[in-house]
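>>> okay, here's the prediction I keep looking at, along with the sequence it came from:
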Amino acid sequence: MEMKKNIFIVIAPILSMLFIAGCSGKTSELYMADKAASINQGTPLSPEKGETFTNSIGINFVYIPSGTFTMGSPTDELGRNLDEIQHQVTITKGFYMQTTEVTQGQWKAVMDNNPSYFLNCGDDCPVENVSWYDVQEFIRRLNNLDGTKKYRLPSEAEWEYACRAGSKTSLANGNIKEGNCCYDSNLDAMGWYVSNSDGGTHPVARKKPNDWGLYDMHGNVWEWCQDWERKYPFINVTDATGPQRGWFKIRRGGGWNEYPRFCRSAYRSRFNPDEVDSHIGFRLVMNPVEVSPETIEPKSEPTIESEAPVVEAENFTLPDVTFDFDSSKIRNQMLPVVEDIVAVLKKSSKNIIIEGNTCDMGSNTYNQRLSERRAASVKTFFVNKGIDSSRIEIVGYGETMPKFDNSTQKGRSLNRRVEIHLK
């Protein structure tokens, strides 16, 4: 009897552990099934950091929790651009981000075509050669396929937050060691770029992921963001998004043909939303619950980047006003921008500085006069709208060489603008 009792004492805990393990496994299966069903219905259980989800066509997502991070780059970061002003951003709502870039196979499953230049790379390679508007159509069809509105592109802030995965260095796994064409060991571990890509894209998820389980955030293909281009503020921001209208859309991450500096977490690139290229793709974000606004934006005549007027005018970052080639007349598509600036100025007691720029069209004298005429045309507009001229100071750039590389489209655009600053 004593022996039987001892045997029971030994076996009972084992049976108990087996029972618990069996129940735990069953509970986990039921939980994940319940989770998948609830996500599809738009009312998921509360997700946790690192939790994954696979949708109806095999796109994998990982949950990115809410949080606060420093967006932009420090002034001493190798390869840094001036538009990477550091500022604190708080993201109040977590989201699911696709673990890889959208592949050619996934695109074909939704669109029944394949626009990619690198067709021979295969279904596991990122789709490319897609415009921002093409991507919006993909999202519209995918949402219809799942009977939802939860899929979208990430905002620029969400993209950098997810790319960094808690890091503060130029890459998610450390700093770049080479700014331009040379081999970089840190970037080589994370992504495909000019020194290791052999001139084309590669299958996704072949390099090391970041700490949040995201692959190819550095290199392979550039990734479209939802935002129109904006100037970074000098203040803390919550749930940062781009302006309501603009001229260029933001793309992030660098591509197979880029130098290390362009693949940094903080690097910003703008691109015409109508254009396509063999190094531009995208990845999706999925909301944990349904969203009310439509994902797709109507295609319309674009206007230059602008920030919508805000109540706190003293902290507002004023947008630039751009001009046509060799012209000092404010373009018609710029009128909503300068109207917005007037609205902001009327809420502010500060003075403003208008700084003209030019594209190195001729002599130093010519450049000086053109930049001053551009600034003067903006001042005249402001004065005619009721802004006291004593509040406005004009500073002409007037150098023979422009501020930005005039051989590139982006450089020429930046050189044909008037900068407006609160003083």
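Arrived safely. Remember, predicted model here, so these are calculated numbers, not experimental data. Residues are numbered from 1 along each chain as shown.
>>> alpha carbons only for contacts and neighbour counts from here, please
Will do.
>>> isn't R416 right next to D324, touching?
Yes - between R416 and D324 there is a contact under CA atoms under 8 Å: 7.1 Å.
>>> neighbour count winner among these two?
R416 (26 against 12; other CA atoms under 10 Å).
>>> from K177, how far off is the more buried one?
Note on R416: its distance to K177, by CA to CA, to the nearest Å, is 34 Å.
>>> what pLDDT is listed against the nearest residue to W228 once chain neighbours are set aside?
Using CA to CA, 6 or more residues apart in numbering and skipping residues adjacent in sequence, the residue nearest W228 is K249, 4.4 Å away. For K249, the model assigns a pLDDT of 94.
>>> for the remainder of this discussion, apply numbering that starts at 442.
Yep, numbering from 442; the last one is K690 now.
>>> for K690, grab the count of nearby residues.
For K690, using other CA under 10 Å, the count is 23.
>>> right, and it touches Q667 too?
Yes - checked against CA under 8 Å, the pair K690 and Q667 is within contact range at 7.2 Å.
>>> any idea which element N661 lies in?
For N661, there is no helix or strand it lies in under DSSP states H and E.
>>> show me what contacts it?
567, 632-634, 638, 642-643, 695-697, 720 (CA atoms under 8 Å, 6 or more residues apart in numbering).
>>> what do you get for F712?
So F712 contacts 689-692 (CA under 8 Å, 6+ apart).
>>> hey, what's it bridged with?
K690 (DSSP bridges).
>>> what's the separation between it and I795?
Taken as CA to CA, the span from F712 to I795 is 26 Å.
>>> same question for C566.
47 Å.
>>> neighbours around the nearest residue to K534 once chain neighbours are set aside, how many?
Nearest residue to K534, sequence neighbours excluded (CA to CA, 6+ apart): S507, at 5.1 Å. Here the number of neighbours of S507 (other CA under 10 Å) works out to 15.
>>> tell me how far S507 lies from R693.
20 Å.
>>> am I right that F510 sits in a strand?
Yes - per DSSP: H, G, I helix; E, B strand; the rest coil, F510 lies within a strand segment.
>>> okay, and the beta partners of it?
V530.
>>> so who does it touch?
529-531, 602, 607.
>>> what do you get if the cut-off is 7 Å, keeping everything else the same?
Shown in contact with F510 (CA atoms under 7 Å, 6 or more residues apart in numbering): 529-531, 602.
>>> hmm, F675 is touching H528, no?
Yes - using CA atoms under 7 Å, F675 is in contact with H528, at 6.0 Å.
>>> more neighbours, those two?
Neighbours were counted for F675 and for H528 using other CA under 10 Å; H528 has more, 16 against 13.
>>> residue boundaries of the helices in the stretch 592-741 of the chain?
Remark: helices assigned in the stretch 592-741 of the chain by DSSP state H, counting those that start in this stretch are 597-605, 626-631.
>>> how much space separates N621 from Q539?
Counting by CA to CA - N621 and Q539 are separated by 29 Å.
>>> higher neighbour count, the two?
Q539 (24 against 17).
>>> where does pLDDT dip in this structure?
Within the chain, the segments meeting pLDDT under 70 span 442-487, 730-758, 766-767, 774, 800-805, 837-854.
>>> do that again at 80, thanks
Applying pLDDT under 80 to the chain flags the ranges 442-490, 619-623, 675, 686, 730-769, 772-775, 777-778, 797-812, 836-858, 864.
>>> how is it divided into domains?
When the chain is parsed with automatic domain parsing, its domains come out as 442-481, 493-727, 754-863.
>>> burial of I676, as a residue count?
Using other CA under 10 Å, I676 has 12 other residues around it.
>>> contacts only, for the residue lying closest to it once chain neighbours are set aside.
Residue nearest to I676 in three dimensions, not counting chain neighbours: H528, with 6.1 Å by CA to CA, 6+ apart. Counting by CA under 7 Å, 6+ apart, H528 makes contact with 511-513, 675-677.
>>> which one of these is nearest V551?
For the contacts of H528, the residue nearest V551 by CA to CA is M512; the value is 33.6 Å.
>>> distance check, the residue nearest the centre of the chain against G513.
The residue lying closest to the centre of the chain (CA atoms, centre = their mean) is E597, at 2.7 Å. As judged by CA to CA, E597 and G513 stand 11 Å apart.
>>> next one: N698
Applying CA to CA to N698 and G513 gives a distance of 23 Å.
>>> now render the helices of the stretch 592-741 of the chain as a markdown table, adding distance to F502.
Output for the helices of the stretch 592-741 of the chain, formatted as a markdown table (distance: least, CA to CA, whole Å):
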| stretch | distance to F502 |
| --- | --- |
| helix 597-605 | 12 |
| helix 626-631 | 19 |
